[in-house]
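Undergrad: The sequence isn't on hand, but the structure is:
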């Protein structure tokens, strides 16, 4: 038989078991945080009819889309979770209750040029709140709390959530007579961190043709920094000159007002006038996040407020606010940086039962008892030598081996070996379950990420 | 703007939030059972290179495969989880520890003719144990225990796991001189339940051209029924006439020997000589399951032993044994039959906080406290009338509403309303968290399926 060389497509992450366990732990923890905030989990198809998925048309992602025909159906793999949400909400609008809060953690597909750390198949972990006609600004205020708790639950602490408001920006540009160039200015402002304020100023004057005074005003506005209260106070000085600006400022103040009550420390939240999410469809609040030690990741969690989710599918006005975590890339960078938590129990089992006798009945009964006690237990069946059995336990990185020979069976006991300390005790099966529980309990809360 | 009518592709299951919660619960429970038996969870790509995925070629599924090109790459969506496992094990053979135990719960794609209850995108929930060169028969014996605990954990009780052995069958056919027709006979035998033994007899004689005596022997063999001990005893009478048969019988006995120690009741396990998994690549033990009240579902969980997992990708001999649950179809049929458990907490939140004041700070603080106490809490922000707020709570099916007006705030309390009984109590936030916990604790163990 001819052998086909096995390979995994480039740009598709495929993890070894222990890494996968850590990735799964991140997914589980995000799910549990999202659930704690009252979001319904959805699981829409990976494939959609192309005319539905691409109803909006154009866009930078269109050429990256995996699109094909099967029979006479034109199909496409989803490239984000927002368009399928729009379709879902429009399709099921009469069966859903608004505000509708949904979370979805799933794979999306973009045929980008393959490069290190860029993926063609990757997970997004999204939440959105969709209103029917109206949606209170306090929904925007809750998002930073969810981001804060989600990141904390993963094990991250050195991060900051940055918030701005597009109305505030648009209003400001209108105030200085640059309404028409607002989009172009925002896209430039978005790059400020990368290229520096000076280069932004140059581009404002030379590429966008702004008068030096206007460019100066923009730079000075973008430079407003400090504690959130200070920034809001400085912004208050512009009040009364433009209605849109005033509305944006009011929204931003509302988003900041309840931070403490939501449990978000000041240290992890920053009003930042330089962020704009230039290419996105946001219309009010915008969010970005930054890992303080890894700014090069960009923003692992971003989002914002939009006026109308599903305008391509329904006449109904559906405003919303949401965030999305780019989970695959985040995981990839963190593991590259050695930030996966070695204390996390990533082995496939907590106890490996090693029978040393011909008759396996006692070992089977022991494993069944441990499992009933909630211990993740693997039973080793292969007729290998003692040394090979122990080597297997070692390579599997199980924290405990339960060795069951003639002597142990005769005494109704088991030799429980702590594979990390080497310590071995002779105990009853019940004691073994309790000992494992006691030893592992402190590690069960271990978060998948550990910052140094 | 022109409106694109939203739709979901036919053959693609898309659930409303409460149904999705029950589906997710099934997935979670399967994950937790698989983990308790020491399986590593994998998550391989949905897309593979076609020459890799279709290395085996041919097969009944080939024309159902979603295959297309992107740029100059020929791609295909996976149609099961076994071929990707074979690729994975071959590719990572030097990094894995054997026996390698993996579970994977994921979507697969088959472009079948669409019909009610048949899906083109569906979940499989697989486990497999892969040995390096050899794999002990006790691994086969553990599978029924996993099936039993998985089904029980879902809430099913009226099912039976049926087991047979292909060596036993092949050996028997050889014994009566029908070795060459073994495959065709097995495929016929597989249908016995549907078409009846008499029709099988007719087909054996007329379609396969067997002598009446041979056909009679086969029918008589297939009719061996009774308790497992009795069946094995009857089979023992054939011993010594064919080596393969004897080996198959020995394996079958080994699979049955430790059932009790594995915690599987006799009532849920049956040696059944009529099952053969005719079209599959199994070489020893084969498994099927049957829901006693819904035989029309077919076998929601099937599997078996195979000699060589990855022969298309590597020279290494990798025997294995595994099972697969067709989760989407199982869920679909159970919900059609009204078997989803109404006691399961499928609402997006356990408590809905309803602020009745302008200032939302106390409501935010209450929700934050409840969440910290582990209660899934949604905060209602919209400025609607009391009646509309209560109607929202009703439609969401949340078990509790926490109403916070001027009076409650002044007293440092909250009006906690049990939405099912209508009972309302005035309590402190801490008492509210405790009351919710106490009321919902009995329901937290609720299984997603309830048999009547």
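TA: Perfect, thanks for sending it. All values derive from a computational prediction rather than experimental measurement.
Undergrad: What are the contacting residues of stretch A:440-452?
TA: Residues from elsewhere that reach stretch A:440-452 (C-beta atoms under 8 Å, 6 or more residues apart in numbering or on different chains): A:22-23, A:25-26, A:29, A:153-158, A:293, A:334, A:339-345, A:350, A:399. (Glycine included, C-beta is placed from N, CA and C.)
Undergrad: Okay, buried residues for it please.
TA: Within stretch A:440-452, the residues that count as buried by 16 or more other C-beta atoms under 10 Å in any protein chain shown are A:440, A:446-451.
Undergrad: Then stretch A:237-257?
TA: The neighbour-count check on stretch A:237-257 (16+ other C-beta under 10 Å) flags A:238, A:242, A:244-249, A:251-257 as buried.
Undergrad: where along the stretch 151-300 of chain A do the helices fall?
TA: Taking DSSP state H, counting those that start in this stretch, the helices of the stretch 151-300 of chain A run over residues A:166-175, A:182-190, A:192-195, A:197-206, A:212-222, A:228-236, A:243-257.
Undergrad: Mean pLDDT added to the ones you listed, as JSON lines?
TA: Shown next, in JSON lines, are those (pLDDT from 0 to 100):
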{"stretch": "helix A:166-175", "mean pLDDT": "95"}
{"stretch": "helix A:182-190", "mean pLDDT": "86"}
{"stretch": "helix A:192-195", "mean pLDDT": "84"}
{"stretch": "helix A:197-206", "mean pLDDT": "92"}
{"stretch": "helix A:212-222", "mean pLDDT": "92"}
{"stretch": "helix A:228-236", "mean pLDDT": "96"}
{"stretch": "helix A:243-257", "mean pLDDT": "97"}
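Undergrad: residues near the residue of the stretch 301-450 of chain A found nearest chain B, how many?
TA: Closest residue of the stretch 301-450 of chain A to chain B, C-beta to the nearest C-beta: residue A:378 (2.9 Å). Using other C-beta atoms under 10 Å in any protein chain shown, residue A:378 is surrounded by 28 other residues.
Undergrad: Which residue comes closest to it once chain neighbours are left out?
TA: Once flanking residues are discounted, residue A:378 sits nearest to residue B:38: 2.9 Å by C-beta to C-beta, 6 or more residues apart in numbering or on different chains.
Undergrad: Is the one you found in a helix, a strand, or coil?
TA: Following DSSP: H, G, I helix; E, B strand; the rest coil, residue B:38 is assigned to coil.
Undergrad: Buried subset of the contacts of stretch A:440-452 as a ChimeraX selection?
TA: Selection of buried members from these for ChimeraX, criterion 16+ other C-beta under 10 Å:
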select /A:22,23,25,26,29,153,154,155,156,334,339,340,341,344,345,350,399
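Undergrad: Keep the contacts of stretch A:440-452, but drop any that are not near chain B.
TA: Residues of the contacts of stretch A:440-452 in contact with chain B (C-beta under 8 Å from any C-beta of the partner chain): residue A:23.
Undergrad: same question for stretch A:118-134, mean pLDDT?
TA: The average pLDDT within stretch A:118-134 is 97.
Undergrad: For it, buried residues please.
TA: For stretch A:118-134, by 16+ other C-beta under 10 Å, it's A:119-132.
Undergrad: And stretch A:359-378, by the same measure?
TA: Buried-residue list, stretch A:359-378, by 16+ other C-beta under 10 Å: A:360, A:362-371, A:375-378.
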